[in-house]
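Participant: Below is the sequence, then the predicted model.
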Amino acid sequence: MKRIVVLGGGFAGLWSAIGAARRLDEEGIGPDRVRVTLVERNDFHAIRVRNYEDDLDATTVPLSTVLDPVGVERIRGEATAIDADRRIVQVRREGEEVELRYDRLVYALGSRLWRPPIPGLGEHGFDIDTYEGAKRLQAHLRGLAATPVIGSVMGEEARAVIAEALDALGVKVRTGVRVAAVDSEGVALEDGSRIDASTVVWCAGMRAHALGASLPGAKDELGRIEVDAFMRVRGVPDLFAAG
Ligand SMILES: Cc1cc2nc3c(=O)[nH]c(=O)nc-3n(C[C@H](O)[C@H](O)[C@H](O)COP(=O)(O)OP(=O)(O)OC[C@H]3O[C@@H](n4cnc5c(N)ncnc54)[C@H](O)[C@@H]3O)c2cc1C
């Protein structure tokens, strides 16, 4: 029996697994010959929060409802290492490390919000990078006594067109200056000025998932893996990357 393993149950991983299952079905190949297995740390697929949702639970889809009907096996666990030479993925599952052999691997672990080492950011900065992050921000906003004031901090590369649009909405924009520190009452900027805010949401850039760094082959400055037109990781047999 051969095995296609998909890492990550985001948009890329979910569609890879479902697409593989559909193709195998079209070819009349059953799970006794080829099994599709998806590894995801959560029980759900998370649709990125857009910030207009009142009920954040509506942004999650239980993976079993979409994978079970098409015969995709699911492993809830954390992918911790990939050995492309031995074609093995290491997965932490219920506190135990297990090895998963693959014949084809789809790497779809997504990206992460990049949080630079700015003092106070980890403690006081909110984000909407994950479902849990969005929940935390929502709870905080609901906990504010008065109308919430959201301090929107943009990186120096913020484009003028965004600034104009925000200006029209009455959102104050500061560009061309870096954040020096974040505290419970707002943001200190490198030019010595401050933005007072009861809420700071950090949205200043993404980096590819850290596990990709361990794979052979070229990466760009954001850690993204180079693939060919068929999403094959260049120079690594039977490994695909998507997302
Ligand atoms: C606020 C916001 C709005 C957006 N709006 C749009 C839009 O309107 N249209 C659009 O096309 N795109 C939009 N995007 C972008 C889109 O959401 C992303 O491009 C997409 O989610 C990327 O999918 P992905 O599968 O590559 O990664 P992800 O969605 O990040 O999925 C990765 C999955 O891997 C899992 N995972 C990570 N590490 C591990 C591990 N070690 N072990 C096991 N599982 C792991 C994660 O839990 C996650 O489920 C938006 C993004 C944001 C942040």
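Facilitator: On my side now, so go ahead.

Participant: What segments of this structure are helices?
Facilitator: 11-26, 63-67, 121-124, 131-143, 160-168 (DSSP state H).

Participant: need the residues of this protein near the ligand, please.
Facilitator: Within reach of the ligand by C-beta under 6 Å from any ligand atom, the chain has these residues: 8-13, 39-42, 46, 48-50, 78-79, 108-110, 128, 209, 211, 243. For the C-beta atoms, the positions are set from N, CA and C on the backbone; glycine is no exception.

Participant: Same list (the helices of the chain) but as a markdown table, adding mean neighbour count.
Facilitator: Shown next, in a markdown table, are the helices of the chain (neighbours: other C-beta atoms under 10 Å):
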| stretch | mean neighbour count |
| --- | --- |
| helix 11-26 | 18 |
| helix 63-67 | 16 |
| helix 121-124 | 14 |
| helix 131-143 | 15 |
| helix 160-168 | 11 |
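
Participant: how about those helices in JSON lines, adding mean pLDDT and distance to residue 83?
Facilitator: As requested, those are exported to JSON lines (pLDDT from 0 to 100; distance: least, C-beta to C-beta, whole Å):
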{"stretch": "helix 11-26", "mean pLDDT": "97", "distance to residue 83": "20"}
{"stretch": "helix 63-67", "mean pLDDT": "97", "distance to residue 83": "25"}
{"stretch": "helix 121-124", "mean pLDDT": "95", "distance to residue 83": "32"}
{"stretch": "helix 131-143", "mean pLDDT": "90", "distance to residue 83": "30"}
{"stretch": "helix 160-168", "mean pLDDT": "66", "distance to residue 83": "43"}
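
Participant: Flag the helix or strand of the chain with the lowest per-element mean pLDDT.
Facilitator: In the chain, no helix or strand scores lower on mean pLDDT, DSSP states H and E than strand 150-152, which sits at a mean of 52.

Participant: coming back round to it: adding distance to residue 237, write the helices of the chain out as JSON lines.
Facilitator: Compiled in JSON lines, the helices of the chain are given as follows (distance: least, C-beta to C-beta, whole Å):
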{"stretch": "helix 11-26", "distance to residue 237": "17"}
{"stretch": "helix 63-67", "distance to residue 237": "26"}
{"stretch": "helix 121-124", "distance to residue 237": "40"}
{"stretch": "helix 131-143", "distance to residue 237": "35"}
{"stretch": "helix 160-168", "distance to residue 237": "43"}
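
Participant: So which of the ones you listed is nearest residue 102?
Facilitator: Ranking these by proximity to residue 102 (C-beta to C-beta) places helix 11-26 first, at 12.1 Å.

Participant: circling back: so which of the helices of the chain is nearest residue 32?
Facilitator: Closest among the helices of the chain, using C-beta to C-beta: helix 11-26, at 11.1 Å.
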